[in-house]
Structure formats: C-alpha cells, structure tokens
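**Student:** okay, structure incoming, though there's no sequence with it:
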C-alpha cells in the first residue's frame, strides 16, 4: 500500500489504478485542482487530477406579484423573482387559451455564481434559484391569479351589493312614507 499527502490530506492507494480522496468540512476556499502523484521506482507520476468546486446551497427564492391588470379578454401580470442578493422581473400575458412571457425566459447569474431564472411552464410562473449543489423554486399559477383579479379593474362585487342594498332600502322607506302620507290624506277627507 502506498501512502502520500495531497495538500495536507492523507491518501491511501491499495493498487496503482485504485485510489480515493475523502474531503471533509469543505469551504469555498478549498476549491481548486487536486493532483494525485505516485512515486514508482523513484520517478513521480501524475495519476489523476480532480477539479473541485465547493459551493454553498442556494438561498431560498421568492416570487412576488407586483401588478395585475385585466380586461375582458386578457390579463397582464408583472412579477419579481428574488433571492438574498439578486432579483429579476418579468411580465406575463394570459388570454382565454394560453399564457406567454414578454421577451421570453429571464435569467441572470447571481453574485454567488448561482443561476436565478423566471420562466413560464404549463401556464405556471416559475422562479428558480440553482447551482450545482442545490435548487429552490417558487411557483404561481398564472391563470388562477388572473381569475382572482378578473373584476379588479372594473366594479367590485362588494360595491354592487352595497348599491343594490341601498336602492332597495330607499325604495322600502319611500313606500312606507307614501303609505303613511296616503293614510293621512284619507283621514283628512
């Protein structure tokens, strides 16, 4: 069995073609190229190289609805996809049949080297934050948001109920007053 050290790590090789490296408690500073050397008959040979990239898991992502505007035949949604250190915004349009994203998928590389994307998948708005280690996402159903805000630019249901109730109350009070006045006129004759 051959034993040698790579950057302070003890490596054991049982056979020239079989070896392993076990790295523990890694930090981003441990990223780099690790080279395994073996000395055969006094001559050093490179057995293999590992290019190690150490990444932290990505931070949570949040999809926030910024605005909704709707008409009788379509709905426009503006959203912001954000993480601790980055954000991107995008606008979506839904009609009665399907939804589309203005300008197509939006993405950027965050300061930590991760990918932040906002895109449309099966009429769902997806906000995705990922790297080679982990991913998180937040999803909203575009058509459901449009349905919830369908009458928001026009007259609200609450306002309609208030007007109908008020008109009904005015008619009833007017009827009572008219009946009372008619009875008073009959008594005077």
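**Tutor:** Cool, got the structure. Being a predicted model, the structure only gives us computed values, none of them experimental. Residues are numbered from 1 along each chain as shown.
**Student:** where does this structure dip in pLDDT?
**Tutor:** Residue ranges of the chain with pLDDT under 70: 1-21, 151-158.
**Student:** tell me which residue is most central in it.
**Tutor:** Computing the C-alpha centroid of the chain and ranking residues by Cα atoms, centre = their mean puts residue 127 first, at 2.7 Å.
**Student:** quick one, strands of this protein?
**Tutor:** With DSSP state E as the criterion, the chain has strands at 2-6, 9-15, 18-19, 32-40, 43-52, 62-70, 74-82, 87-95, 99-101, 106-109, 115-121, 124-130, 135-141.
**Student:** let me know which of these is the nearest to residue 25.
**Tutor:** Within these, the stretch nearest residue 25 is strand 9-15; the backing value is 11.6 Å (Cβ to Cβ). Just so you know, the C-beta spots here come from the backbone N, C-alpha and C atoms, and that holds for glycine as well.
**Student:** returning to that earlier point: any idea what the residue nearest to the centre of the chain is bridged to?
**Tutor:** Counting by DSSP bridges, residue 127 is bridged to residue 118, residue 138.
**Student:** same check on residue 106?
**Tutor:** As assigned using DSSP bridges, the partners bridged with residue 106 are residue 118.
**Student:** OK, contacts around it?
**Tutor:** 81, 88, 89, 90, 117, 118, 119 (Cβ atoms under 8 Å, 6 or more residues apart in numbering).
**Student:** count the residues that sit near the spatially closest residue to the fifth one that is not a sequence neighbour.
**Tutor:** Counting by Cβ to Cβ, 6 or more residues apart in numbering, residue 107 is the residue found nearest to residue 117 once chain neighbours are left out, at 4.2 Å. Other residues within reach of residue 107, judged by other Cβ atoms under 10 Å, total 13.
**Student:** same check, this time on residue 22
**Tutor:** Neighbour tally, residue 22, other Cβ under 10 Å: 8.
**Student:** I figured residue 79 hits residue 62, correct?
**Tutor:** No - look at residue 79 against residue 62 with Cβ atoms under 8 Å: they stay out of range, at 10.2 Å.
**Student:** hang on, the earlier thing: tell me the one among the contacts of residue 106 nearest to residue 32.
**Tutor:** residue 117 (28.3 Å).
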